[in-house]
Every structure is written in structure tokens, then in C-alpha cells.
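In: build me a model from this:
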Amino acid sequence: MDMRLPPHGGAKLSVVDMHTGGEPLRIIVSGYPEVKGHTLLSKRRYARQHLDHLRRALMLEPRGHYDMYGALVVASELPDAHLGVLFMHNEGYSTMCGHAVIALGRFAVDYGLVKEPRSPETPVNIHCPCGLVRAFVEYADGKTGAVRFLSVPAFVFATDVTVAVEGFGNVTVDISYGGAFYAIVDARRFGLDVSESRTRDLVDAATAVTKAVKLQVKLRHPLSDDLAFLYGTILTDGKEEFSSDATANVCVFAEAQVDRSPTGSGVTARVALQYRRGQIQLKQSRTFRSGATGSQFTGKAVEETTCGDFKAVVVEVAGAAFYTGASCFVQETEDRLKDGFVLK
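Out: Numbers count the residues shown, from 1 in each chain. This next block holds a predicted model:
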């Protein structure tokens, strides 16, 4: 059977789909117009203002779903970068995504964005909106494998912040930055277990915390106002002290979107917090498990540094990504739902 699409009047968008720890990544390889801007952050603003209909078309139904995640490869102004990337989701555009960096590392080597792969690891420098992230892709006999990356400087914005959360009263949270800002709180505060409770209950609690922090806490990033927003809330199992056992969490971000993976930028933020509290030492590797799927990343603080006036650490996160398919999507001009829709 000839599987070519019939003639139509509309746009074509080609993608490669992957997942990291169960969390999807739709990498857009063609069909986008030029994303204008001299810097990656200005490109992010341009995409948000002028090309958002394409984000909706690829992330939302009928081509995507409520929890789809995407990456648009763009040019970077940084001479050391192999590629720049704009992250997208059901609400808009993120500044950092660790599960996407892990997938993009493999993709960059496999699709020739890095010209000369080398064993045992191929470096891939990925310019994310939060800064340059250095990934290292296992490479042997022409095949790619697991990926580790070094984060931008990660820091604790505030500890033991009390916010009034609708339906739950006063709740104490920590706020940490791993390329994006997260509120971090023990799920047991809400009578929940990140591995056993209903996803709906976890989402409701995390969303309530996110709304409260956004209203009651003014965030600041020392390098750019574009980075100074709360991305989501991470509910943990409360096992913050270093242990050889895995510690589990569930991350709810954007518009109540649930990460299926342990969350790469979330692991970065948790490691920064644990290091600040003296619960983990430099180069002590911990395993972080997704309460949603059981998939695992490892994370460790590898170097002290600063980010403006904040004491910070560089965090190494490692995991594995896998291909799930490739698609060519169309937007027929007569289709009134061509720009996507959401069912909550």
C-alpha cells in the first residue's frame, strides 16, 4: 500500500519522537518558518509571540496530547554550541528540560549534528534558554547509548518558605533552581505517596502549591528576568538524606502537566537543595526514581560555583532515551481544528 499523503493545501511538519524514562519528546526537524532573534532568549520570545499556533498544533490534540513535550532545534549564537533548542509543552516554553537534553544528545549524534562522533563518549553542547548544557553521549561501534549532562549553575533560592495553599492551609516549601525554578515539598504533607497515590490527587496538591507560590513569592534570577518564573512543583517521598536507595518524586509543571520521568532539571534542583542542606556531598551519586513510571536518573553535585550572588553547584544527571518513531504531520487549510485543542 502506498502510504504517501494525498495532495492537500496546508503545512507539513516533520518530527522524530523519543522518550526518556517514559516522558515523551517530539523533536521538530522541518516545517517551521525562521525563528527570528539574535539570541536564544529572543528566539524564545519570538516563537511565543508569532509561532505559537505551531506549538499548539504539535503538542495538543489531535496530533499530540495534554502531556506532550517538544523541542525545536534552532541556531545558537554561542560558538561552542552544536545546537540551540527551544522547549515547548502544553502551556508554553520552558527554559530547561533534562529529559529532553538526554534525548537530544543521542539525536544530535545519530542525525549528524555532531560531525565527528568519538568513543567512549561524544560531547554535545546544547544551548538551552537557561544557558549552555554540556552533554556526553556513550558511543561505540557506531551506536549511541546512555547520556549524562552537566547542568548550568543550580542554586537554592529559598528554604522553609511558608505559603497559604488553598485547601491545605499553610505549607512549607523549598524553592530551588535547576535551569528552571521548582517548589519542592514532601508529598506526605498532603497525606500522599508519590508512588502509590492517585495521579489526580498528586496533580491537585502540586498545582495548588504552584499557584500559591506564584502568587505569594517573587522569584529573582540574577542573569535574566526571562528565567524568573516558577515552572512547577516537585512532590517527594521525603527521603532527602543521602542513601544508596532511590528517592522518588513526581513533578507537575506547566499547566498541570505530569512528568513521566524523574525530571532532569528537577533532579538538578533537588541535588542543589540536598547539597545546600548538607544531605549530600560533592560527587556522591544518588538515584532518583519517578513515582509515575519507576524510571530512574542518577544525579550528583560535581563542582561548587556561583550564579550571580547565589552559591551554586554544577550537577551531573544521567539517563537513557529511546526512539519511538518519526512522523510527518499536516495542517489542512479546511480543518477548523488544525491548530490543536485541549481536553482537561
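
In: state the distance from Leu83 to Gly105.
Out: Per Cβ to Cβ, to the nearest Å, Leu83 is found 10 Å from Gly105. Backbone N, C-alpha and C define where each C-beta goes, glycine included.

In: once you drop chain neighbours, what's closest to Asp237?
Out: Ala248 (4.6 Å; Cβ to Cβ, 6 or more residues apart in numbering).

In: just checking, the one you found touches Ala292?
Out: No: using Cβ atoms under 8 Å as the test, Ala248 is too far from Ala292 to be in contact (9.4 Å).

In: low-confidence ranges in this protein?
Out: Along the chain, the parts satisfying pLDDT under 70 run over 1-3, 9.

In: where along the stretch 151-300 of the chain do the strands fall?
Out: 154-165, 169-177, 181-186, 230-236, 247-253, 257-258, 286-290, 296-307 (DSSP state E, counting those that start in this stretch).

In: out of those strands, which gets nearest to Thr39?
Out: When the strands of the stretch 151-300 of the chain are compared by Cβ to Cβ, strand 296-307 sits nearest Thr39, at 18.4 Å.

In: partners of the following helix or strand past the closest one in the sheet?
Out: Per DSSP states H and E, the first helix or strand lying C-terminal to strand 296-307 is strand 310-319. Paired with strand 310-319 in the same sheet, following DSSP bridges, are strand 143-150 (antiparallel), strand 154-165 (antiparallel), strand 296-307 (antiparallel).

In: any idea how this structure splits into domains?
Out: What the TED database lists as the domains of the chain is 9-151+323-331, 152-317.

In: quick one: Ser295 from Glu316, how far?
Out: Separation of Ser295 from Glu316 (Cβ to Cβ): 18 Å.

In: about what we covered before: what's the closest of the strands of the stretch 151-300 of the chain to Ala47?
Out: Nearest of those to Ala47, taken as Cβ to Cβ: strand 230-236 at 17.2 Å.

In: what sits opposite Val147 in the beta ladder?
Out: Bridge pairing for Val147 (DSSP bridges) gives the partners Val137, Gly319.

In: on that earlier part again, neighbour count winner among Ser295 and Glu316?
Out: Ranked by neighbour count (other Cβ atoms under 10 Å), Ser295 and Glu316 place Glu316 first, with 22 against 19.

In: show me the contacts for the nearest residue to the more buried one once chain neighbours are set aside.
Out: Nearest-residue entry for Glu316: Val302, 5.0 Å, with adjacent residues in sequence omitted and distances by Cβ to Cβ, 6+ apart. With contacts defined as Cβ atoms under 8 Å, 6 or more residues apart in numbering, Val302 is in contact with Leu150, Leu282, Lys283, Val313, Val314, Val315, Glu316.

In: same check on Ala320?
Out: By Cβ under 8 Å, 6+ apart, the neighbours of Ala320 are Thr20, Gly21, Ile102, Gly145, Ala146, Val147.

In: ditto for Leu202
Out: Residues counted as contacts of Leu202 (Cβ under 8 Å, 6+ apart) are Ala187, Leu192, Val194, Leu235, Val250, Val252, Val258, Gly291.

In: just the closest of the residues you listed to Tyr69, please.
Out: Comparing the contacts of Leu202 against Tyr69 with Cβ to Cβ places Val258 closest, at 10.9 Å.

In: give the ChimeraX command for selecting the buried subset of the contacts of Ala320.
Out: Selecting the buried subset of these in ChimeraX, with 16 or more other Cβ atoms under 10 Å as the burial test, is done by:
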select :20,21,102,146,147
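
In: and the contacts of Ala320, which two are furthest apart?
Out: Based on Cβ to Cβ, the longest span within the contacts of Ala320 runs between Gly21 and Gly145 and measures 14.9 Å.

In: closest one of the contacts of Leu202 to Ala180?
Out: Checking the contacts of Leu202 against Ala180 with Cβ to Cβ, the nearest one is Val252 at 13.0 Å.

In: count of neighbours near Gly98?
Out: Look at Gly98: counted by other Cβ under 10 Å, it has 35 neighbours.

In: quick one, helices of the stretch 1-150 of the chain?
Out: Assigned by DSSP state H, counting those that start in this stretch, the stretch 1-150 of the chain shows helices spanning 40-50, 52-59, 98-110.
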